[in-house]
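Undergrad: Just a sequence and a predicted model for now, questions to come.
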Amino acid sequence: MEYPARVITIAGSAAGGSAGIQADLKTFQELDVYGMSVVTAIVGRHPKTNKNVHPQTIEAIEAQFETAMKQVGMDALKTGMLFSKEVIEVVAGLIKESTIESVVIDPVMVGKMDSKLLKEDAIEAMKKRLIPLATIITPNIPEARFLLDDRPITNVEELKQAAIDLYELGSKFVLVKGGRLEGPAIDVLYDGQNLTLFEAPRIDTVNTSGAGCTYSAAIAAYLAKGTTVEKAVEQAKQFVTTAINHGFTYTEMVGPTYHASQRKYGDAFQIKVEKTN
Ligand SMILES: Nc1ncnc2c1ncn2[C@@H]1O[C@H](COP(=O)(O)OP(=O)(O)OP(=O)(O)O)[C@@H](O)[C@H]1O
Ligand SMILES: Cc1ncc(CO)c(N)n1
């Protein structure tokens, strides 16, 4: 029997199920990889105290990683919400010690509902300690701006320049997501030499909660299966676009993407891939 490839997510628990660890594990299952998790923090707002982020201890984080590594092993790893400088430093150490080939760093900072998912004094550690260990980083526009001293990114040309400049931080690939621009949903991949655009039609919906987590989890899943980075991005974008297309909500809140949609409806979006300069 052939076993599925192994992927671990080191991220926050999003109690509502649309983002974070929950989105990652749903994505892993849909793409037939064996999912594991290290929970760095639990996110859920207390009705009385209003406290929203409940960080886990360094000991708990190390324990989860150690267990997954010993019991299973890992072909790919992705990070999401890490919250503090201390956690980033510990996670960087764990990645360095391990010999995992594919490392996807999603530099999660602020959620779509404005939850603060990374402390401001942690951005330097993200840049200096974690990003240099990445196969690929996947910032959205606000995250790219934080990493680039708040420079505006308002069109595809500025998106391309952001990818080129972020490459200096030391990851092998940079993927800047243009989901928040107007017009088609264009993301830019840069590998130090080539710029590649991945374009999907814009879907008219507000229910995109966790789209970024789903995308980076799908990239990690495809990398774990041995797919090249460029193909992994293309197939992951297909997966997330289809999930956004079937996004829904149970309440008046912004709702989740539908992780099962590609399997259920079999209507994967075709992505336009264009090499450019
Ligand atoms: N309305 C949309 N239609 C089609 N594609 C979209 C839409 N919104 C975002 N995308 C695409 O979805 C992917 C995830 O991008 P997004 O910018 O939403 O991530 P994010 O902001 O990190 O998400 P989150 O913080 O909710 O996890 C990208 O490929 C982006 O281009
Ligand atoms: C826990 C968590 N991680 C990541 C995101 C980003 O969407 C979120 N909203 N919540």
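TA: Thanks, I have it. Ligands and ions are numbered 1, 2, ... in the order given.
Undergrad: would you list every one of the helices in the stretch 51-200 of the chain?
TA: With DSSP state H, counting those that start in this stretch applied, the stretch 51-200 of the chain shows helices at 58-71, 85-97, 123-125, 141-147, 156-166, listed in chain order.
Undergrad: Spell out which residues of this protein are next to ligand 1.
TA: 19, 111-112, 140, 177-180, 185, 187, 200, 202-203, 205, 208-213, 215, 237, 240-241, 244 (C-beta under 6 Å from any ligand atom). Where you see a C-beta, it was placed from the backbone N, CA and C, and this is true even at glycine.
Undergrad: Close to ligand 2: what parts of the stretch 1-150 of the chain are there?
TA: Going by C-beta under 6 Å from any ligand atom, the residues of the stretch 1-150 of the chain near ligand 2 are 11-12, 14, 19-20, 43, 80-81, 108, 111-112, 115, 117.
Undergrad: Nearest to residue 258 among those?
TA: residue 19 (13.7 Å; C-beta to C-beta).
Undergrad: List the ones among the residues of the chain next to ligand 1 that fall in strands.
TA: 177, 185, 187, 200 (DSSP state E).
Undergrad: Relative to residue 238, how far out is the last one?
TA: So that's residue 200. Distance, residue 200 to residue 238, using C-beta to C-beta, to the nearest Å: 8 Å.
Undergrad: Look at these two and report which has more neighbours.
TA: residue 200 (21 against 18; other C-beta atoms under 10 Å).
Undergrad: show me the contacts for the residue nearest to that one when sequence neighbours are not counted.
TA: Excluding the flanking residues, the one nearest residue 200 by C-beta to C-beta, 6 or more residues apart in numbering is residue 241, at 4.3 Å. If you count contacts by C-beta atoms under 8 Å, 6 or more residues apart in numbering, residue 241 has them with 185, 200, 201, 203, 269, 271.
Undergrad: Quick check: the residue of this structure nearest ligand 1.
TA: The minimum distance from the chain to ligand 1, using C-beta to the nearest ligand atom, falls at residue 212 (2.1 Å).
Undergrad: wait, doesn't that residue sit right on residue 175?
TA: No. Taking contacts as C-beta atoms under 8 Å, residue 212 lies outside contact range of residue 175: 10.7 Å.
Undergrad: how about the residue nearest the centre of the chain, what does it touch?
TA: When the chain is reduced to its mean C-alpha position, the closest residue under C-alpha atoms, centre = their mean turns out to be residue 216, at 3.4 Å. By C-beta under 8 Å, 6+ apart, the contact set of residue 216 is 78, 80, 104, 106, 138, 236.
Undergrad: for these, which one is nearest residue 165?
TA: Taking the contacts of residue 216 together and measuring to residue 165 by C-beta to C-beta, the closest member is residue 138, at 15.7 Å.
Undergrad: Give me the neighbour count for the closest one.
TA: Residue 138 has 29 nearby residues by other C-beta under 10 Å.
Undergrad: got the buried residues for stretch 143-153?
TA: Residues of stretch 143-153 classed as buried: 143, 144, 145, 146, 147, 148, 153 (neighbour count, 16 or more other C-beta atoms under 10 Å).
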